[in-house]
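Participant: Have a look at this prediction, sequence included:
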Amino acid sequence: MPFFDSAGVRIHYHDAGSGEAVMLVHGFASTAEHNWGSTGWIAALSKKYRVIAPDVRGHGLSDKPHAPDAYGYASMGADVTRLMDHLGISRAILMGYSMGASIAIDLMLSHLERFRAIVLGGIAYDDGLEDKADRDAIADAYRADDPVTIKSPVAKAYRRFAESMPNDLTALAALIDAERLPFDPAKLAAVRMPVLIVVGSNDNAIGDPQPLAKMIPEAQLLMLDGRDHMTSPTDPRFKEVVFEFLPNALP
């Protein structure tokens with residue numbers, strides 16, 4: 001299994017197939033294998049593309065720093081561009097899900113020249129007004145010695161999901177504590193690139209994706225009927241629309 005050094009953080013990644021490079025960035029408390037492997041994305045895309053799927057720092061087999069300043073979208077996004085440099089990839093297609101979509105947006109705004117097209121899954125616009133108490137409760141739940149002491153049902157659910165995979169709960173708590181600023185609507189409006197946004201119609205975890213789609217001039221929005229945040233990645237329609245979108249988006 002390949003690893004590379006990203007400015008002192010060891011990052012594990014999958015590398016499959018050949019052709020145009022597709023960078024896949026997974027969601028919070030997940031892994032490349034869980035988000036993209038077991039759902040069939042790596043197998044499907046690698047028939048036509050070269051698929052690179054890292055374990056985001058703090059996740060999977062990658063290093064898991066315990067300091068909040070090791071995280072943030074810019075730091076996690078830098079691992080993606082450094083991995084591209086490591087593999088000699090100058091430009092790629094970028095696809096992210098949930099937290100991975102937020103990382104992809106940060107890369108879209110900071111390193112637009114590195115990408116040909118972008119797919120954002122399970123994402124809506126975050127104006128920074130979300131309930132900080134919920135974030136703090138989730139971080140506290142990860143730090144709790146005994147899960148029985150966790151009061152918040154949402155925090156309990158996050159803890160259960162995190163423990164269903166080989167996660168370091170202290171690292172996940174540090175990631176939650178990292179500073180996260182809302183994306184600048186003016187910068188989103190300046191993006192001139194094909195962007196596809198895919199969200200489940202029953203995804204109550206993220207809010208309304210319509211405002212984000214309207215902020216990005218060339219964005220297309222697909223709602224997956226009856227799917228929620230956890231089930232959208234497995235929907236065959238998600239793959240179908242991505243395979244339709246990419247050939248038309250590439251020069």
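Facilitator: Arrived safely, thanks for sending.

Participant: drop to CA atoms for contacts and neighbour counts, all remaining ones
Facilitator: OK.

Participant: got a list of contacts for whichever strand or helix holds residue 244?
Facilitator: Secondary structure assignment for residue 244, by DSSP states H and E: helix 236-249. Contact with helix 236-249 is made by 41, 116-117, 119, 194, 196, 198, 224, 232, as judged by Cα atoms under 8 Å, 6 or more residues apart in numbering.

Participant: Report the rounded mean pLDDT for that helix.
Facilitator: Mean pLDDT, helix 236-249: 95.

Participant: returning to that earlier point: sitting in strands, which of the contacts of helix 236-249 do you find?
Facilitator: The strands, defined by DSSP state E, take in 116-117, 119, 196, 198, 224 from the contacts of helix 236-249.

Participant: now, which of the contacts of helix 236-249 sits nearest residue 213?
Facilitator: Residue 213 has its nearest neighbour among those in residue 196, at 8.6 Å by Cα to Cα.

Participant: Just list whatever residues bridge to that closest one.
Facilitator: Counting by DSSP bridges, residue 196 forms beta bridges with residue 119, residue 220.

Participant: ok, now which ones touch it?
Facilitator: Shown in contact with residue 196 (Cα under 8 Å, 6+ apart): 118-120, 219-222, 242, 245.

Participant: that older thread, what are the buried residues along the helix holding residue 244?
Facilitator: If you call a residue buried by 16 or more other Cα atoms under 10 Å, then helix 236-249 has these buried ones: 237-239, 242, 245-246.

Participant: same deal with stretch 88-99?
Facilitator: By 16+ other Cα under 10 Å, the buried positions in stretch 88-99 come out as 91-99.

Participant: what mean pLDDT would you report for it?
Facilitator: Summarised as a single mean, pLDDT over stretch 88-99 is 98.

Participant: Please apply the same query to stretch 61-72.
Facilitator: If you average the pLDDT over stretch 61-72, you get 97.

Participant: Residue 121 reaches residue 98, doesn't it?
Facilitator: Yes: between residue 121 and residue 98 a contact is recorded at 6.1 Å, counting by Cα atoms under 8 Å.

Participant: For this protein, which segments count as strands?
Facilitator: 3-6, 9-16, 21-25, 50-54, 92-97, 115-121, 195-200, 219-224.

Participant: Check those for me and report the most buried one.
Facilitator: Greatest average neighbour count among these goes to strand 21-25 (a mean of 27), per mean count of other Cα atoms under 10 Å.

Participant: Next secondary structure after that strand?
Facilitator: Downstream of strand 21-25, the first helix or strand assigned by DSSP H and E is helix 32.

Participant: How much space separates residue 32 from residue 41?
Facilitator: 10 Å (Cα to Cα, to the nearest Å).

Participant: out of these two, which sits in the busier spot?
Facilitator: Per other Cα atoms under 10 Å, whichever of residue 32 and residue 41 has more neighbours is residue 32, with 24 against 19.

Participant: tell me, how many neighbours does the closest residue to the more buried one other than its chain neighbours end up with?
Facilitator: Spatial nearest neighbour of residue 32, chain neighbours left out: residue 55 (5.2 Å); criterion: Cα to Cα, 6 or more residues apart in numbering. By other Cα under 10 Å, 26 other residues sit near residue 55.

Participant: List the residues that contact residue 55.
Facilitator: By Cα under 8 Å, 6+ apart, the contact list for residue 55 reads 11-13, 25-26, 31-32, 61-62.

Participant: Same list (these) but as JSON lines, adding distance to residue 182.
Facilitator: Rendered in JSON lines, the data for the contacts of residue 55 read as follows (distance: Cα to Cα, whole Å):
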{"residue": "11", "distance to residue 182": "26"}
{"residue": "12", "distance to residue 182": "28"}
{"residue": "13", "distance to residue 182": "28"}
{"residue": "25", "distance to residue 182": "19"}
{"residue": "26", "distance to residue 182": "20"}
{"residue": "31", "distance to residue 182": "24"}
{"residue": "32", "distance to residue 182": "25"}
{"residue": "61", "distance to residue 182": "29"}
{"residue": "62", "distance to residue 182": "26"}
